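**Q** return a 3D structure for these sequence lines:
(one chain, ligands or ions: 1)
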Amino acid sequence: MKPSDIVNHILNNNAPLPQKQKGHGAAPANIALVKYWGKRDSTLNLPMTSSFSLSLSQGAETKVTASETDQDSFILNGKETSHNIFAERLAAFLDLFRPHPQFYFHVSTHSSVPISAGLASSAAGFAALVLALDDFFGWQLDKRSLSVLARLGSGSACRSLWPGFVEWQAGSDLNGMDSHGIPLDVNWPALRVTPLIVSRAPKPIDSRTAMIQTQASSPLYASWPDKVASDLTLMKQAIGQQDFTRLGEIAESNALAMHACMMSAWPPICYHQPATLEAMHRVWALRKAGNPIYFTQDAGPNIKLLYLAPQQAHVDRLINEQAEVAV
Ligand code: 2P0
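**A** So this is what the prediction gives:
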């Protein structure tokens, strides 16, 4: 089965012309508290396990129009970006939606999260793009169908269709129609997630390649699906009970287990910079001193701090101290 089969299924084999001059979509970035790492089907972007995220207030805003030239053009934060790997991925994704082969898109995205620093910029980008296409073509699809479409662009994008907590259920259908985000209706206004930037350097290996390498060679990866299943159950319990300590412990432990799998891959994958470890030790020292602050880390050197609102002053201090030592 190919991505185009899924798109045809969702759009009932219709490839309508745009219904508007311009389509618009906005979507939040999301940070996984229980991570997605590994695929059971890389063509349809179907994950080995379910995962669970919290959406941020930052994200991406995208406008789609028909291109006036004979090629796609992509603008990212005001800059032409039509000739890199990300643009190739976008063009391949847009191939799924062209009303005819000579139809080209102009896509302009503004991202309020740093690009390629492990801060989930591509998830917000693909989710915003799918929403913009829905607006442009007048599909009027429900969120779950849009989540499936976003997943075809980038797995974690399927969680960026909603604010708050979202579970990406792995699903079991071969066509992946049951593999999409599902929002959890829980309000936790005091919960905070704040990136602690230790480096803005592009990542040494993209997460798509890193996942494949981990699955293919890490001797620890066999234990990963059980770890995720258990963490997911415990995480939802912790959120139901608004038990922040449990949430922090599970999220931090899950991220460290994911990175342990990566580090034990061959060739090894290490997203940590010296400043990443330094930041982690600072968090652990704060915790030892009685401040419930935890972290998670994605496919990049930066960490994201998890805490409740009363810890804000400690977090601000941590971020200022880190800025002084960061290169
Ligand atoms: C996540 N990450 O759950 C995990 C944790 C990074 C670390 O999803 O190949 O860009 O497009 O499906 O979604 C990053 O991988 O990968 C990611 P593809 P994606 O957020």
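**Q** so the closest residue to A255 other than its chain neighbours, which state does it fall into?
**A** Nearest non-adjacent residue to A255, counting by CB to CB, 6 or more residues apart in numbering: T296, 4.3 Å away. (Glycine included, C-beta is placed from N, CA and C.) Three-state call for T296 (DSSP: H, G, I helix; E, B strand; the rest coil): strand.
**Q** ok, now the one 10 residues further on?
**A** Using three-state DSSP, the structure places L306 in strand.
**Q** looking at strand pairing, list the partners for it.
**A** When bridges are called by DSSP bridges, L306 pairs up with V193, Y294.
**Q** I'd say it and P195 touch.
**A** No. In this structure, L306 is not within contact of P195 by CB atoms under 8 Å, at 11.1 Å.
**Q** more neighbours, those two?
**A** Neighbours were counted for L306 and for P195 using other CB atoms under 10 Å; L306 has more, 25 against 22.
**Q** identify the residues contacting the more buried one.
**A** L33, L191, R192, V193, L247, G248, A251, E252, I293, Y294, F295, T296 (CB atoms under 8 Å, 6 or more residues apart in numbering).
**Q** who's in contact with the third one?
**A** It refers to R192. Going by CB under 8 Å, 6+ apart, R192 touches L305, L306, Y307, L308, A309, Q311, Q312, V315.
**Q** would CSV of the residues you listed with pLDDT and distance to the ligand be doable?
**A** Formatted as CSV, the contacts of R192 follow (pLDDT from 0 to 100; distance: CB to the nearest ligand atom, whole Å):
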residue, pLDDT, distance to the ligand
L305, 97, 16
L306, 98, 15
Y307, 98, 20
L308, 98, 22
A309, 98, 24
Q311, 97, 24
Q312, 97, 25
V315, 97, 22
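**Q** buried subset of those residues?
**A** The neighbour-count test (16 or more other CB atoms under 10 Å) marks L305, L306, Y307, L308, Q311, V315 as buried among the contacts of R192.
**Q** phi and psi next, for the residue of the stretch 101-250 of the chain found nearest the ligand.
**A** Going by CB to the nearest ligand atom, the ligand is nearest to G155 of the stretch 101-250 of the chain, at 2.7 Å. Note on G155: backbone dihedrals following degrees, to the nearest 10 are phi -50, psi -50.
**Q** contacts for stretch 1-21?
**A** In this structure, residues lying in contact with stretch 1-21 by CB under 8 Å, 6+ apart are 43-44, 65-66, 96-100, 135-139, 141, 145, 148-149, 152, 174-177.
**Q** could you rerun that using 10 Å?
**A** Outside of stretch 1-21, the residues within contact range by CB atoms under 10 Å, 6 or more residues apart in numbering are 41, 43-45, 64-66, 92-93, 95-100, 103, 105, 133, 135-142, 144-146, 148-149, 151-153, 174-177.
**Q** name only those of the residues you listed that count as buried.
**A** Of the contacts of stretch 1-21, these count as buried by 16+ other CB under 10 Å: 44-45, 64-65, 93, 96-97, 105, 133, 135-137, 139, 141, 144-146, 148-149, 151-153, 176.
**Q** ok, and which of those residues reach the ligand?
**A** Contacts with the ligand are made by N45 out of the buried ones among the contacts of stretch 1-21, judged by CB under 6 Å from any ligand atom.
**Q** which residues in the stretch 151-300 of the chain form helices?
**A** Ranges of helices in the stretch 151-300 of the chain, per DSSP state H, counting those that start in this stretch, are 207-217, 224-240, 244-263, 274-288.
**Q** now those helices in CSV, with distance to A170, mean neighbour count and mean pLDDT?
**A** Formatted as CSV, these follow (distance: least, CB to CB, whole Å; neighbours: other CB atoms under 10 Å; pLDDT from 0 to 100):
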stretch, distance to A170, mean neighbour count, mean pLDDT
helix 207-217, 14, 18, 97
helix 224-240, 9, 17, 98
helix 244-263, 15, 20, 98
helix 274-288, 29, 16, 96
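**Q** would you list the ones you listed in CSV and tack on distance to Q58?
**A** Conversion of the helices of the stretch 151-300 of the chain to CSV gives the following (distance: least, CB to CB, whole Å):
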stretch, distance to Q58
helix 207-217, 19
helix 224-240, 22
helix 244-263, 19
helix 274-288, 20
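**Q** turn those into a markdown table, including distance to the ligand.
**A** Below are the helices of the stretch 151-300 of the chain laid out as a markdown table (distance: least, CB to the nearest ligand atom, whole Å):
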| stretch | distance to the ligand |
| --- | --- |
| helix 207-217 | 4 |
| helix 224-240 | 10 |
| helix 244-263 | 6 |
| helix 274-288 | 14 |
